[in-house]
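Trainee: sharing a sequence plus its predicted fold:
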Amino acid sequence: MPGHKILDEVLHTQKESDLQAFEPARQVQELLESLDSRAKNVIQKRFALDGGKPKTLESLGKNYAITRERVRQIENLSIKQLKKGSTQQVAQVNKILNVVLSEAGGVMEQEVLLDALLGDDKTSTGNRAALLFLLILSDEVTLFKETSRFKNLWASSRAAHERLQNSIKEIEQVLLANAKSLVLTELVTKLATAGSNLNETEVRAAVAASKSISQNPFGEYGLVTWNEIVPKGVRDKAYLVVRREGQPMHFLKITEKINATKFDSRTAYPQTVHNELIKDKRFVLVGRGMYALKEWGYQPGTVAEVLTDILKEHGEPMERQQLLQEVMKRRIVKRNTVLIGLQDKTHFVRLDGQRYDLVSR
């Protein structure tokens, strides 16, 4: 797991064995003991340090029969006081912050950063809230709040934040130029070709921070407006599954794969999938319940229609074995089915030997 790996590297590099016993929740509670009871309660509830949800200034003001502005003053004064007395606790966070952030170019999306710092303990809500509060007390990082383009970001400097924005623009441009989703190694290679020096860690950090770029369940990166990144329905999910498989699939297997991939919380049902595939021009019914992608060269229609198209494309009579091979590339049918199709004298004529041509030619 990435977060745990980063923490292991930090422990090795910094030789700080005491970080293994890092307990943000306990350390924050110790810090809060320096506040009076009201200030402590305000901080606990404002930053969800009591295990609940963050409380608003207004709700806390009603609890204490004071104005929301007075609550804000208590909060600000308390944080200033805690910053002065939190040197030891924040120092521990700063030791790993510097290494973790430098790996990602000096800036990380909030949830990714918390995961990296907490490692195996990243599911602990108590330690998560406490660690977030310690970040607020730290002078090493600055929070850049969520916007329409970016998620909550913590950066070691404004310059690092600006570099991240430029990185996202570079990734967007490469994706648009390629007009298709790319796995991480492909994306880094394409970026390098375009003159960018972003590495895999920096690309992951940029994508995690961006609201315009995302990753689908198959590890492919693209714009969130693309159906192959954020599928709009069963048809898009089926397309991704079949494309990933790389060969024709039965609609029952497609349904099974859609549900196993867990694109979202919705369950796909076989009959729904079958009905949607019939209507989607990206798919071709190539056998009983078997679907392939049209982009692979498979062709819709009856065997007779496929044979007709092949002979038209070829422009002259073809040997029977040639016809069999071509049909098999476009449809999943038995050999005898093709031979029976060639017996249709309204469409095909047998010439000398095993050669066939169109009646109309």
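Mentor: Thanks, I have it.

Trainee: quote the end-to-end distance of stretch 306-320.
Mentor: 14 Å (CA to CA, to the nearest Å).

Trainee: can you point out the buried residues in that stretch?
Mentor: If you call a residue buried by 16 or more other CB atoms under 10 Å, then stretch 306-320 has these buried ones: 306-308, 310-311, 317-318. For the C-beta atoms, the positions are set from N, CA and C on the backbone; glycine is no exception.

Trainee: what do you get for stretch 147-154?
Mentor: For stretch 147-154, by 16+ other CB under 10 Å, it's 150-154.

Trainee: residues contacting the most centrally placed residue in the chain?
Mentor: Residue closest to the average C-alpha location in the chain (CA atoms, centre = their mean): residue 215, at 2.4 Å. Applying CB atoms under 8 Å, 6 or more residues apart in numbering to residue 215 gives the contacts 207, 221, 229.

Trainee: okay, residue 91: pLDDT?
Mentor: Listed pLDDT for residue 91 reads 79.

Trainee: counting neighbours, what do you get for residue 249?
Mentor: Each residue near residue 249 was counted by other CB atoms under 10 Å, and the total is 21.

Trainee: isn't it up against residue 287?
Mentor: No - counting by CB atoms under 8 Å, residue 249 stays clear of residue 287, with 10.4 Å between them.

Trainee: can you give me the strands in this structure?
Mentor: 107-109, 142-144, 153-155, 182-183, 213-215, 220-223, 249-250, 283-287, 290-293, 318-319, 348-350, 355-358 (DSSP state E).

Trainee: so which of those strands is the most surrounded?
Mentor: Most buried of the strands of the chain by mean neighbour count (mean count of other CB atoms under 10 Å) is strand 107-109; its value is a mean of 27.

Trainee: need the pLDDT of residue 109.
Mentor: Reading off the model, residue 109 has pLDDT 95.

Trainee: tell me the contacts of it?
Mentor: Here residue 109 is in contact with 151-153, 205, 208-209 (CB under 8 Å, 6+ apart).

Trainee: try 10 Å this time
Mentor: 115, 146, 150-154, 164, 204-210 (CB atoms under 10 Å, 6 or more residues apart in numbering).

Trainee: where in this structure is pLDDT low?
Mentor: Where the chain drops to pLDDT under 70, the residues are 1-22, 86, 120-123.

Trainee: hmm, 50 instead?
Mentor: Scanning the chain for pLDDT under 50 picks out the ranges 1, 10-11, 13-16, 18-19.

Trainee: would you agree residue 75 is in contact with residue 44?
Mentor: No - using CB atoms under 10 Å, residue 75 makes no contact with residue 44, being 11.1 Å away.

Trainee: what number of residues lie near the closest residue to residue 226 other than its chain neighbours?
Mentor: Leaving aside its chain neighbours, residue 226 sits nearest to residue 181 (6.7 Å; criterion: CB to CB, 6 or more residues apart in numbering). Residue 181 has 22 neighbouring residues, counting by other CB under 10 Å.

Trainee: hmm, residue 181 is touching residue 231, no?
Mentor: No - with contact defined as CB under 10 Å, residue 181 does not count as touching residue 231 (11.6 Å).

Trainee: intersection of neighbour lists for those two?
Mentor: Contacts common to residue 181 and residue 231, judged by CB under 10 Å, 6+ apart, are 216, 240.

Trainee: contacting residues for residue 70?
Mentor: Per CB under 10 Å, 6+ apart, neighbours of residue 70: 42, 57, 60-61, 64.

Trainee: can you give me how far the longest helix along the chain is from the chain middle?
Mentor: For the chain, the helix that runs over the most residues, judged by DSSP state H, is helix 158-178. Per CA atoms, centre = their mean, to the nearest Å, the displacement of helix 158-178 from the mean C-alpha position of its chain is 17 Å.

Trainee: buried residues in that helix?
Mentor: Buried, per 16+ other CB under 10 Å, within helix 158-178: 160-161, 163-165, 167-168, 170-171, 174-175.

Trainee: have a look at residue 75 and residue 44 and say which one is more surrounded.
Mentor: Taking neighbours as other CB under 10 Å, residue 75 and residue 44 compare with residue 44 leading, 20 against 17.

Trainee: which residue comes closest to that one once chain neighbours are left out?
Mentor: residue 50 is the one closest to residue 44 (CB to CB, 6+ apart), at 4.4 Å.

Trainee: just residue 145 next, same as before
Mentor: Nearest to residue 145 is residue 152, by CB to CB, 6+ apart, at 6.1 Å.

Trainee: please apply the same query to residue 309.
Mentor: residue 299 (6.5 Å).

Trainee: wait, the one you found sits on residue 286?
Mentor: Yes - using CB under 10 Å, residue 299 is in contact with residue 286, at 8.5 Å.

Trainee: overlap in contacts of the two?
Mentor: If you check residue 299 and residue 286 against CB under 10 Å, 6+ apart, the residues they both contact are 292, 306, 330-331.

Trainee: related to what we said a few turns ago, phi first, then psi, for the residue nearest to residue 44.
Mentor: phi -100, psi 10 (degrees, to the nearest 10).

Trainee: now for it: which residues touch it?
Mentor: 40-41, 43-44, 126, 129.

Trainee: from residue 82, how far out is it?
Mentor: 16 Å (CB to CB, to the nearest Å).
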